[in-house]
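Pasting the sequence and the predicted model now:
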Amino acid sequence: MHRYLEPRVLDDLHDVAIARVATRGSHVVAVSEEGSVYTWGRGDEGQLGHNTKASLHVPTKVPDLEHIVQVACGRAHSVAIDLQGRLYSWGSGEDGALGIADAECSLVPLAIPHPASFQAIECGSRHTLALSSDNRVFAWGWGLYGQLGLGHSDTVRQPTEIPSFIGKRVVQISCGFRHCFAVVPAGIDGFSPTVDVYGWGWNQYGQLGELEKDGSPDVVLRPVRCSALMDVNLTLLAAGGRHSLACVDGDTFAWGRGGDGELGTGTVSNERHLTSIPMLHQRSMHQVACGWAHSAALYFQDTSEAPAHAMLSPSSWSLTSGDWDAFSGMLVQSILQLMIIYQVLPAHCGLPVEVVTTRIIPAAAFTTTMGNCYFAFAGWRLARDERRNDVTGLPEGVNTVLVFAYGLSIMAPEYQATQSFEAAWEAGLFAAIWTALLQMALLPFVSFLQRSIPKAALLASVSGIALTFLSMGFAFEIWENPLIALGPLFLFLVCYGAGVKLPFHLPTGLGSLLLGTLIAFVLYYTGASTNFVPMTQPYVLDLQGPHVDMHLVWRALTSGAGWKYMSIIMPMVLVNVMSAIANFETAAAVGDKYDPITSVLGDSIVTILGACLGNPFPTGVYIGHPIYKAMGARNAYLGMNAICISLLAILNATPWIIGTIPISSGVGFLLWIGMVITASSFEKKEQESNHGTAVVLGMVPALSAWGFQLVQNTLTATSPNGFNMTRVVEALSDAGLNPNGMIALSQGYLLTAIVLASTMVHIIERDFIYASLWMLIASILSGTGVIHAFEVEASGIQPAFGVFPTPWSFQFCLVYLGLAVLLWVFQLGEDEHKYTWANLAAWAKLKFSKQKPNEPRRRLYTQESRHGSIADLPQLRAFAEGVTRETTPLLRSMDTMAENAHD
């Protein structure tokens with residue numbers, strides 16, 4: 001299976017003139033101008049029509065299906081109309097979606113036995129609407145949400161006319177996921193240029209709009225006129241997952257669910273009233289379309305548009321749900337920077353804790369604030385120049401790599417040589433300022449470097465940093481704190497890897513922090529073994545502002561002590577610039593082309609201003625723009641992060657935050673970013689799967705084993721008289737290197753890699769029940785010591801086997817079991833899966849209820865079994881005509897009674 005990140009021509013159809021294409025679920029149906037049908041995609045329910053349940057990766061012609069003029073797709077079924085108006089269906093008929101009474105599933109197209117001739121078809125998820133040539137509407141399939149419009153919520157297995165439209169002339173039908181619309185000309189004669197729109201079905205999010213009767217119930221069982229779409233000049237209408245679009249009198253309106261920005265109104269709120277889309281105001285629309293949680297529009301270019309420098313609508317800077325997600329991740333990353341500075345400088349560079357908390361931490365925080373503000377402005381300017389509302393700002397802040405490089409390679413040696421923390425501080429400021437100056441000196445060559453260095457080289461540098469410096473350290477921290485960190489990590493994997501939204505629109509980052517913090521406090525106050533110790537001292541308000549000490553900066557530049565570190569500074573300058581260029585390339589690849597010269601210049605100026613405040617560490621453009629872009633973030637997340645980090649600095653709350661929120665509950669986000677960046681370096685046009693992040697996650701245990709072996713070999717080579725492994729592990733722990741996490745991952749690393757990668761694959765595919773089973777396997781393996789179990793002895797690390805052989809084994813067994821339950825809960829929340837409560841209830845009802853004597857036996861139709869059914873079509877058609885003649889008066893009577901009761 002291939003994953004393509006850019007449009008491509010289908011070579012298998014290069015000589016076929018395609019007239020129509022339909023898609024929903026995971027398969028595609030195309031019709032040629034000659035009336036042939038081609039299908040490809042997922043085929044596990046027979047929805048491709050090739051007498052098999054296998055998936056197809058290339059378009060393949062469906063045999064024995066000719067003269068087709070229109071097609072439609074449901075979740076797992078397909079429908080077609082031929083030139084004579086006959087209907088054909090194939091795929092899953094479990095919910096009656098095929099329109100054939102006895103068809104449970106058909107691997108080949110079957111003619112639907114109905115006497116009417118049809119002109120249009122529309123498919124919802126598991127139901128179908130058909131518009132006959134005489135403008136009647138028929139429905140069949142799953143009806144739990146009233147989407148059939150028949151006045152009940154039962155499943156209907158044969159085309160049944162919707163009584164509400166008897167006597168009306170319907171000219172258009174539209175199906176969403178579980179809601180439908182029909183368009184009827186207004187006026188008594190039925191030939192008015194204006195129309196009325198009727199809606200029915202699922203209405204939990206207001207996707208039917210304002211209704212003429214009964215307000216806005218969650219389920220509407222029969223068609224009701226939409227009060228805002230009565231007697232209107234309607235040009236386009238589309239229904240999506242839980243929202244709808246319409247074009248009326250030159251304006252485009254949206255209503256329904258807006259949690260993912262699918263309404264295009266600049267907010268993430270739901271709308272039960274028709275709401276105008278600002279960016280599409282008075283545009284001549286050609287087509288609108290709705291997906292599950294996104295929308296698309298095609299309009300004719302208007303040469304009289306406003307000039308490119310015109311101000312954007314408020315939606316260009318409004319908050320989106322993606323901004324909240326990106327902000328939560330960015331805030332965690334920024335707090336991590338401050339935490340690292342808080343740990344490194346007192347321990348290695350001799351700086352007093354008071355100086356760090358009152359001078360350097362606020363300086364670093366304000367430096368981050370300035371960088372965030374600059375790049376938020378750069379993103380807004382790009383959006384203004386290109387007249388777009390989907391531009392994502394570049395994440396920027398203190399460079400983590402340079403914190404370690406300058407802290408341990410410049411400031412620490414200077415302190416050891418002079419025993420003066422001020423001299424170490426001055427050396428750091430010298431390095432930061434000269435880093436910025438050298439970056440600016442390289443500005444004339446940035447474009448040349450960008451053109452000259454192969455894209456693969458830039459991607460290699462970024463992915464290498466992402467996999468090692470960004471991912472591995474945090475992986476060690478997560479597996480050293482499994483009870484606190486693994487749950488939040490899997491929330492990130494499920495929400496970002498599978499696109500699952502948390503309840504109440506809770507941002508994923510915030511949800512993970514809350515989960516980790518809750519678990520940490522429960523463990524601490526129940527006396528469980530954990531590395532988290534909350535701060536016991538109450539927070540004391542101590543306002544801190546930015547301190548500009550130009551004398552300190554002058555001494556740093558003129559003392560001459562920093563020149564001996566230029567051999568370290570210059571390579572770091574190249575690393576920072578090359579990393580920035582690579583990040584500009586990844587941003588351009590997803591549509592945001594930033595100017596590298598102004599971006600590097602702005603970053604350099606921010607570094608110099610930060611040094612004037614006392615921050616000894618340069619800034620840099622962070623890895624992760626494509627991730628934030630995929631979340632739907634714009635520019636607001638940078639402003640939100642700038643405000644929060646500034647408040648933390650002013651209120652001197654960073655030590656309190658570090659002591660209150662376990663940082664291990666948020667580092668899973670950074671591990672996810674490292675996984676995606678590494679995978680994206682390879683997942684291009686010719687990649688054979690979209691499981692790159694699963695591959696990267698599976699690499700983590702092997703890299704951990706390699707790292708631990710390297711530590712052991714180094715100790716053996718440098719300590720010929722032997723060493724005490726217990727003391728080594730304690731020393732590594734004191735240095736914050738999380739050796740227990742590294743060792744845990746290295747024990748049984750091959751099995752661990754298989755389990756983690758398999759789990760991630762099923763998460764990506766949203767097969768949470770199988771991911772849950774893999775976590776159950778992990779629980780058994782860890783509980784018996786096959787993976788993660790070890791004992792630290794003076795002579796070395798020893799494996800441990802048995803039932804809960806070590807406390808680590810019990811922790812991992814418990815947390816993996818909890819993750820299995822968590823994934824199972826996600827499975828129950830899937831709308832379109834057979835394990836939902838609604839489907840389980842339907843299955844139980846079918847299983848334990850007595851089958852009616854006249855209920856037809858369900859059949860699986862194949863190429864071999866189909867011919868008998870086709871031969872009986874005349875008899876079936878005659879039978880259907882009789883049924884129609886008998887039931888139509890009854891339906892009319894029932895409709896009249898229902899309408900009277902309704903009034």
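Yep, that arrived. Numbers count the residues shown, from 1 in each chain.

where do the strands sit along the stretch 1-150 of the chain?
According to DSSP state E, counting those that start in this stretch, the stretch 1-150 of the chain carries its strands in the segments 18-24, 27-32, 37-41, 56-61, 68-73, 77-82, 87-92, 103-111, 118-123, 127-132, 137-141.

right, so of those strands, which gets closest to G785?
strand 56-61 (42.4 Å; C-beta to C-beta). For every residue, glycine as well, the C-beta is placed using N, CA and C.

State the paired neighbours of the closest one in the sheet, together with their directions.
Sheet pairing for strand 56-61, assigned by DSSP bridges, gives strand 37-41 (antiparallel).

Now do the strand it pairs with and strand 27-32, the angle between them.
160 degrees (axes from the mean of the first three to the mean of the last three C-alpha atoms, to 10 degrees).

okay, now the nearest residue to L491 once chain neighbours are set aside: neighbour count?
Once flanking residues are discounted, L491 sits nearest to S512: 4.7 Å by C-beta to C-beta, 6 or more residues apart in numbering. Other residues near S512 come to 28 when the count uses other C-beta atoms under 10 Å.

does S512 sit in a helix, a strand or a coil?
The local conformation at S512, judged by DSSP: H, G, I helix; E, B strand; the rest coil, is helix.

my guess is it meets G668, correct?
Yes - the pair S512 / G668 is scored as a contact, 6.4 Å apart, by C-beta atoms under 8 Å.

joint contacts of the two?
With contacts defined as C-beta atoms under 8 Å, 6 or more residues apart in numbering, the residues shared by S512 and G668 are P488, L489, L491, F492.

and the third one, what helix or strand is that in?
Which is L491. Assessed by DSSP states H and E, L491 sits inside helix 482-497.

Which other helices and strands does that helix contact?
helix 473-480, helix 508-525, helix 625-631, helix 667-680, helix 749-764, helix 807-828 (3 or more C-beta pairs under 8 Å, 6 or more residues apart in numbering; DSSP states H and E).

Low-confidence regions, the stretch 801-903 of the chain specifically.
Counting by pLDDT under 70, the stretch 801-903 of the chain shows low-confidence ranges at 829-903.

ok, the residue lying closest to V403 once chain neighbours are set aside - contacts?
In this structure, V403 finds its nearest non-sequential neighbour in F617, 5.1 Å apart by C-beta to C-beta, 6+ apart. When contacts are counted by C-beta under 8 Å, 6+ apart, F617 touches I341, A364, V398, N399, L402, V403, Y406, G407, G428, A432, G610.

Among those, give me the pair with the biggest separation.
Within those, two members stand farthest from each other by C-beta to C-beta: G407 and G610, at 15.0 Å.

which one of these two has more residues nearby?
More crowded of G407 and G610, by other C-beta under 10 Å: G610, with 29 against 23.

Which phi and psi values does G666 adopt?
phi -110, psi -10 (degrees, to the nearest 10).

contacting residues for it?
V332, I335, L336, P488, G509, S512, L513, G516.

Closest to A717 out of these?
L336 (33.0 Å).

For that closest one, the count of nearby residues, please.
Neighbour tally, L336, other C-beta under 10 Å: 20.

Kindly provide the distance from it to G141.
51 Å (C-beta to C-beta, to the nearest Å).

my guess is C123 meets Q70, correct?
No - in this structure, C123 is not within contact of Q70 by C-beta under 8 Å, at 11.2 Å.

quick one: which of the two has more around it?
Taking neighbours as other C-beta under 10 Å, C123 and Q70 compare with C123 leading, 24 against 17.

Can you check the pLDDT for the residue nearest to E212 when sequence neighbours are not counted?
If the residues on either side of it in the chain are set aside, E212 comes closest to R225, at 4.2 Å by C-beta to C-beta, 6+ apart. pLDDT recorded at R225 is 92.

Is R225 located within a helix, as I assumed?
No - counting by three-state DSSP, R225 is located in no helix; its state is strand.

Is it bridged to anything, and to what?
Beta-bridge partners for R225, by DSSP bridges, are Y198.

how about it, what does it touch?
By C-beta under 8 Å, 6+ apart, the contact list for R225 reads D196, V197, Y198, L211, E212, K213.

change it to 6 Å
Contacts for R225 (C-beta atoms under 6 Å, 6 or more residues apart in numbering) come out as D196, Y198, E212.

Using JSON lines, please lay out those together with pLDDT.
Listed next are those as JSON lines, based on pLDDT from 0 to 100:
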{"residue": "D196", "pLDDT": "91"}
{"residue": "Y198", "pLDDT": "95"}
{"residue": "E212", "pLDDT": "83"}
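
What's the PyMOL syntax to select whichever of the residues you listed are buried?
Buried residues among the contacts of R225 (16 or more other C-beta atoms under 10 Å), as a PyMOL selection:
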select buried, resi 196+198
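
wait, which of the contacts of R225 is closest to V79?
Y198 (21.5 Å).

which residues does that closest one contact?
So Y198 contacts A182, P223, R225 (C-beta under 6 Å, 6+ apart).

Pull the residues that contact stretch 143-161.
95-96, 99, 101, 114, 124, 127, 136, 138-140, 142, 162, 178, 180, 200-202, 219-223, 898.

what's the span of it from first residue to last?
Stretch 143-161 has an end-to-end distance of 14 Å (criterion: C-alpha to C-alpha, to the nearest Å).

what comes up buried for it?
143-151, 155-161.

hmm, back to that, same list (the contacts of G666) but as TSV, adding pLDDT and distance to M640.
Putting those into TSV (pLDDT from 0 to 100; distance: C-beta to C-beta, whole Å) gives the following:
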residue	pLDDT	distance to M640
V332	76	13
I335	82	14
L336	75	17
P488	93	20
G509	75	12
S512	85	17
L513	83	15
G516	90	21
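
Could you count how many residues lie near G639?
By the measure other C-beta under 10 Å, the count of residues near G639 is 20.

and if you look at the one 5 residues further on?
As a burial measure, C644 scores 18 neighbours (other C-beta under 10 Å).

Could you pull up the contacting residues of it?
Counting by C-beta under 6 Å, 6+ apart, C644 has contacts L331.

Just the pLDDT at it, thanks.
92.

now, among the contacts of G666, which is nearest to L234?
Proximity of the contacts of G666 to L234 (C-beta to C-beta) peaks at G509, which lies at 41.6 Å.

Noted, bye for now.
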